[in-house]
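> Just need the structure, nothing else, for what follows:
(2 chains)
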Amino acid sequence: SQTIHQWPATLVQPVGSPLSLECTVEGTSNPNLYWYRQAAGRGLQLLFYSVGIGQISSEVPQNLSASRPQDRQFILSSKKLLLSDSGFYLCACSKPGQFNYGYTFGSGTRLTVV
Amino acid sequence: GQQLNQSPQSMFIQEGEDVSMNCTSSSIFNTWLWYKQDPGEGPVLLIALYKAGELTSNGRLTAQFGITRKDSFLNISASIPSDVGIYFCAGTIYDNTDKLIFGTGTRLQVFP
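A predicted model of the protein is given here:
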């Protein structure tokens, strides 16, 4: 089975500062990887997804970027955070070609931009 | 893009009551999944459905894949306080992407 490690769990950052959130996967090779953002009490907004190293699809134009430097590593970044970047960020994965069996989610990072 | 309409948006019930929520779409779905998100955690898969008309149970939870393939239902019987959380439906369509489509979520509160 797959396991996702996501860190940090909580982050408070000033406006204009950079961001780097990391997600790593165990238990499967060449996973599909996803970054979601969730506003307080709201639904899941897909930000980026990747089907392989260096392959990133962006879903929403924004202040964020994603990279996949290794097969099981997915990084969410920003050069300058905005107040509107606050939220709960979730990394998820699925086995290649088996996304219809569902995603495994990480435990999330709660980002507060102040 | 595709959206799944999930209702109700929120529910406030007493412990012991049964709960029903549903998810609808204008498109035909091939898979329906139901997730639960505990406060401050990532969603966890509860039930997966793969055939129209399929009815699947997981303890006190029962979910159905609608016969039209455009909807799905989740029922929780005899609710308990730990049922509190956000329930998301999700599904797949034939669109040549490896992405699930998520519903907007149903927030459940259970009072003792």
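
> Which residues of chain A lie near chain B?
A:4, A:6, A:32, A:34, A:41-44, A:46, A:49, A:51, A:90, A:92, A:94, A:97, A:99-108, A:110 (C-beta under 8 Å from any C-beta of the partner chain). (Each C-beta comes from the backbone N, C-alpha and C, glycine too.)

> partners of residue A:36 in the sheet?
Beta-bridge partners recorded for residue A:36 (DSSP bridges): residue A:46, residue A:90.

> Could you check how far it is from residue B:88?
11 Å (C-beta to C-beta, to the nearest Å).

> who touches the residue nearest to residue B:38 when sequence neighbours are not counted in this structure?
Using C-beta to C-beta, 6 or more residues apart in numbering or on different chains and skipping the chain neighbours, the partner closest in space to residue B:38 is residue B:85 (4.9 Å). Going by C-beta atoms under 8 Å, 6 or more residues apart in numbering or on different chains, residue B:85 touches B:36, B:37, B:38, B:39, B:107, B:108.

> What's opposite residue B:85 in the beta bridge?
When assigned by DSSP bridges, residue B:85 has beta-bridge partners residue B:108.

> quick one: low-confidence parts of chain A?
Along chain A, segments meeting pLDDT under 70 span A:61.

> Residue of it nearest chain B, please.
Taking C-beta to the nearest C-beta, chain B has its nearest neighbour within chain A at residue A:105, 3.2 Å off.

> what's the burial count for residue 46?
Answering for chain A, as no chain was given. For residue A:46, the tally of surrounding residues (other C-beta atoms under 10 Å in any protein chain shown) stands at 19.

> Hmm, no, I was thinking of chain B.
By the criterion of other C-beta under 10 Å, residue B:46 has 19 neighbours.

> any idea how far residue B:29 lies from residue B:100?
For residue B:29 relative to residue B:100 (C-beta to C-beta), the value is 10 Å.

> Same question for residue B:87.
Counting by C-beta to C-beta, the gap from residue B:87 to residue B:100 is 15 Å.

> do residue A:45 as well
From residue A:45 to residue B:100 the distance is 13 Å (C-beta to C-beta).

> Neighbour count: these two, which is higher?
The neighbour comparison of residue A:45 against residue B:100 (other C-beta under 10 Å) goes to residue B:100, with 24 against 16.

> OK, contacts around the more buried one?
Counted by C-beta under 8 Å, 6+ apart, residue B:100 has contacts A:99, A:100, A:102, A:103, B:33, B:90, B:91, B:92.

> how about the residues of chain B near chain A?
Chain B comes close to chain A at residues B:30-31, B:33, B:35, B:40-45, B:48, B:50, B:86, B:88, B:90, B:92, B:98-100, B:102-105, B:107, as judged by C-beta under 8 Å from any C-beta.

> Enumerate the beta-bridge partners assigned to residue B:49.
For residue B:49, the beta-bridge assignment (DSSP bridges) gives partners residue B:32.

> got the phi/psi numbers for residue A:85?
When read as degrees, to the nearest 10, the backbone of residue A:85 gives phi -80, psi -10.
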